[in-house]
Structure formats: C-alpha cells, structure tokens
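Colleague: The amino acid sequence is not available; the structure is as follows:
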C-alpha cells in the first residue's frame, strides 16, 4: 500500500513554486499573487493600479477562475497581456498551473506578473505559486472580522489592501480593527486603503509596487 | 496498491449526508445549508431572520468556521442554541462533522436546523451535508458576475438571497442580471432581495421558510 500524505503533495507544490520563482527572477519578472474572497474587488483593483503605473512597469496577468473569462476580457480591454486559467471546479491555483500558463506569454516583454487567484479566502492560503509577493484584498463590505476568522491567508501575506473604502460610511467596518488585527497577524505587512472605482489610494499602491520591484531587483543582484 | 478516487470519498460523504437527512426528518427537523462567500452577510441574515420567525419555528444553528467563535457568540446573544465547528483550515463542512456536532443539541427542542457553512463560494458546493434545502447568499458588494464565475454553487441551491441591497445605489450590481443568471442556472430557485441591517425583505424570507418547512413535513408524511 502506498500512502501519499497531503503534506508531501504540498511539498511537491513548494518545489515547483521554487522553480517558478527562480525562473521569473532570472528574467527580472517580479511576481505578485493576488488573493481574496469572491467579489472583494481584485480585478477592479488591477484596472485602477495599471492606470497608475504610468509605463514604469510592463504588467502581464494570469487570471484564475473556476469558469469563464470575464476578468481576462477586462485585462485585454486595457491592452494587458493575459492568460486565463479555468480550474473547472478547483478552488485555488497551484504552481504547476502557473508553469503551464507561462507559455501564453512568449511574445510579451513583462517585468511584472500578477496572478489573480481564484476568489477564495481559505484554500489559496496553502499554495505557494512561486510569487515574490503575496497581496491579500479585503473589501469593507465583507466586514472587519475576516482577519480573525480566516487568519492563515492574512498571516502569509506581505500586504493587505482594504478595498471599497467609499462604502465605509454605509457599513460597520472599522479600519482600525482591521489594521490592528493585521499588525498582530503579519507585523511586517503594509496596509493600503483604496476605493478603486473612485481612484482613491491607487497612486500610493502603484508607487509601493514599483519600489518593491526595485528592491527585488537589488536583492536578486540584477540591478 | 490501494487507490482511493476522490469521487469515492464524495460518495462516502453522500451516504453520510443521506443518513443525516433521514435522522433529522425522523425528528421533524428541517435542515438548511447556508452557503456564500466570506463576508456576504450570512450571520447578519440569520440574526434578522430569527427576529421574524415570531415563535413559528424553534431554530438551532451549526456555525462552521476555520477558527474562532465570533458567529456562535452572536447566536448565543439571541438565545439560539448553537454548536460551533472549527475546521482548523478545512474549507468546507462535511456530513461527518454535522453528525458529530449534533450531540451538542441534546437538550434543545428544534424544528429548524440552520448550518452556516464556512465562507467559501467554491468548496462548499460539492458537499451535501444532509440538508433539506440549500440557500446561497450573495451580497451586492460582491458584484453581479459571481453567478457566471462560480456556477456550481448557484446551480445546486434552492434559493438565492441577495444581501446588502441598501448598498445597491453605491455599486454597479444589476439585480436583473443576477436574477436572469439564477433563472438560467437554477430555474426552480426562489430569489430574495434583502437588507438585513435595515430589516428589509426579512419578513417574506421568514414566511417562505415557514412554508418550506410545512411542505417538508407534508412530504415526509408527518403532518
């Protein structure tokens, strides 16, 4: 009898993820894994963010969805190279899917690869994709108790982006509570407050991302 | 070598779920599996709903969460018998957990058992818990494209509750689009529009639930 422990499958994913990270770093491509609940505003955040990059970075996007290509079409409308992964029921992307999707970018000259993961605040937490930075998105409409209820994904993120802040007055979301919980779960993480549809907070997020890529290049010794 | 196919594990869950369904029906307890994204408003919906039952039903709740007991404490404050399941990382409840949690209700005289599943629009779709009715919750803040992007969970639900309708004016959510997609995915399903915090739409949802339990009792031949 052969027993495959779940932790060994995760180890295999970690190995593939390390290869992805090395592959991308060798090409000076900074990779961000964007996670969050369904409808937290990941795609709208990207649309706003890309407008503020002002040509400082050339982004490409991998869109992870159970079904459909709605988000990929939104990226195409911005002229951003995009590859859609349909997981057909699977609740998260894994490192193997990213390696396979990479072939879709052969003609593109990228220096930023953003992976928009499947909308899921649980399962995406356990899978390293080979990213250099993980950013978790939480909308104020979801409530400020989410960090306590789904701690793993926040613990493992380098930044928290609080979205839909234009709705703050209409909700009982307390930004100080979310900030406090994030400080406890991930003391090093940056926290941003944005309203993507109203173009609020996007410039500082874009500036931060550009700086993060510069640090990444310095650290990998290519700049 | 012994190979366990995932579909056989699901079959085992289905068998346990059928036992749960029979066990509850024999006790005239109507069971509802409440699913939706993190932060879609499941717990707030229950709080509003219970106020409108007006003693017509005696509810109990099983709260499924990765960690913590925030939601169970909210139920206790309403005087509703509640059992908290902490999945410790697992992204959905399964039929076995429900059977185990049942022991927590030995002293309660229930005729409605509501299972508030882990916040997850993907993984909860595949697991029958033994419920008699599945209700999916979608907040207008999540966007009206969620039915297309996460079809399975909507297809397998008996009702869709559109929550946070007080935020409609501040979002680009189109109720007709969501209703149309739901009609295509689950033609028999009821659709409700509510604003739980503003007590809108809760009475008709409560009335419907009472009628659903009456039909259930008639169908099981106990009334």
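Modeller: Great, that's in hand. Note that the structure is predicted; figures quoted are calculated from it, not measured.
Colleague: Run through the residues that contact residue A:190.
Modeller: A:158-160, A:208 (Cβ atoms under 8 Å, 6 or more residues apart in numbering or on different chains). Placement of C-beta: from N, CA and C, glycine included.
Colleague: before we move on, what about residue A:49?
Modeller: Residue A:49 touches A:202, A:205-206, A:209, counting by Cβ under 8 Å, 6+ apart.
Colleague: could you redo the last one with a cut-off of 10 Å?
Modeller: Contacts for residue A:49 (Cβ atoms under 10 Å, 6 or more residues apart in numbering or on different chains) come out as A:34, A:57, A:59, A:112, A:114, A:161, A:194, A:196, A:202-203, A:205-206, A:209.
Colleague: That one in helix, strand or coil?
Modeller: helix (DSSP: H, G, I helix; E, B strand; the rest coil).
Colleague: quick one: pLDDT of residue A:193?
Modeller: Residue A:193 is assigned 98 on the pLDDT scale.
Colleague: now residue A:11
Modeller: 77.
Colleague: if I read this right, residue A:34 contacts residue A:115, doesn't it?
Modeller: Yes. The criterion here is Cβ atoms under 10 Å, and residue A:34 meets it with residue A:115 at 6.5 Å.
Colleague: Overlap of the contact sets of the two?
Modeller: In contact with both residue A:34 and residue A:115: A:61-62, A:64, A:131, A:134, using Cβ under 10 Å, 6+ apart.
Colleague: which residues pair with the most centrally placed residue in chain A across the strands?
Modeller: With distances taken as Cα atoms, centre = their mean, residue A:34 lies nearest the centre of chain A, 1.0 Å away. In this entry, residue A:34 is beta-bridged to residue A:116, residue A:135, by DSSP bridges.
Colleague: does any part of the helix ranked longest in chain A sit near chain B?
Modeller: The longest helix of chain A (DSSP state H) is helix A:6-26. No. Applying Cβ under 10 Å from any Cβ of the partner chain, one finds helix A:6-26 out of contact with chain B, separated by at least 10.7 Å.
Colleague: who touches that helix?
Modeller: Residues contacting helix A:6-26 (Cβ under 10 Å, 6+ apart): A:4-5, A:29-31, A:33, A:94-99, A:102, A:110, A:113, A:115, A:126-132, A:216-217, A:219-222.
Colleague: Report the mean per-residue pLDDT for stretch A:60-78.
Modeller: So the average pLDDT for stretch A:60-78 ends up being 93.
Colleague: for that stretch, the distance to its chain's centre please.
Modeller: 14 Å (Cα atoms, centre = their mean, to the nearest Å).
Colleague: distance between the ends of it?
Modeller: 11 Å (Cα to Cα, to the nearest Å).
Colleague: buried residues in that stretch?
Modeller: A:60-66, A:68-69, A:71-72, A:74-75 (16 or more other Cβ atoms under 10 Å in any protein chain shown).
Colleague: Repeat that for stretch A:44-57.
Modeller: Residues A:44-50, A:52-53, A:57 are the ones in stretch A:44-57 that count as buried (16+ other Cβ under 10 Å).
Colleague: Now do the closest residue to residue A:145 other than its chain neighbours against residue B:194, distance only.
Modeller: Leaving aside its sequence neighbours, residue A:145 sits nearest to residue B:70 (Cβ to Cβ, 6 or more residues apart in numbering or on different chains; 5.4 Å). Distance, residue B:70 to residue B:194, by Cβ to Cβ, to the nearest Å: 21 Å.
Colleague: quick revisit: need the max-distance pair from the buried residues of stretch A:60-78.
Modeller: Pairwise distances among these were taken by Cβ to Cβ; the largest, 21.5 Å, belongs to A:60 and A:66.
Colleague: all strands for chain A, in order.
Modeller: Per DSSP state E, chain A carries strands over the ranges A:30-36, A:59-65, A:82-86, A:112-116, A:133-139, A:159-163, A:190-193.
Colleague: and residue A:62, bridged to which residues?
Modeller: residue A:83, residue A:115.
Colleague: mind listing what it touches?
Modeller: A:31, A:33-34, A:72, A:75, A:81-85, A:93, A:97-98, A:101-102, A:104-105, A:113-117, A:129.
Colleague: how about a cut-off of 7 Å?
Modeller: A:83, A:85, A:98, A:101, A:113, A:115 (Cβ atoms under 7 Å, 6 or more residues apart in numbering or on different chains).
Colleague: By neighbour count, which of those residues wins?
Modeller: Among those, the one with the most neighbours (other Cβ atoms under 10 Å in any protein chain shown) is residue A:113, at 28 neighbours.
Colleague: That one is in contact with residue A:60, isn't it?
Modeller: Yes. Under the criterion of Cβ atoms under 7 Å, residue A:113 makes contact with residue A:60 at 5.3 Å.
Colleague: Return the residues of chain A in contact with chain B.
Modeller: Chain A comes close to chain B at residues A:1-2, A:37-39, A:65-68, A:70, A:89, A:91, A:118-123, A:139, A:141-143, A:145-146, A:148-152, A:164, A:166-167, A:170, as judged by Cβ under 7 Å from any Cβ of the partner chain.
Colleague: if you set the cut-off to 6 Å instead, what comes out?
Modeller: A:1-2, A:37-39, A:65-68, A:70, A:91, A:120-123, A:141-143, A:145-146, A:148-151, A:167, A:170 (Cβ under 6 Å from any Cβ of the partner chain).
Colleague: Point out the ones among these that are inside helices.
Modeller: A:70, A:146, A:148-149, A:151.
Colleague: farthest-separated two in those residues?
Modeller: A:70 and A:148 (31.2 Å).
Colleague: the bottom helix or strand of chain A by mean pLDDT?
Modeller: helix A:6-26 (a mean of 87; mean pLDDT, DSSP states H and E).
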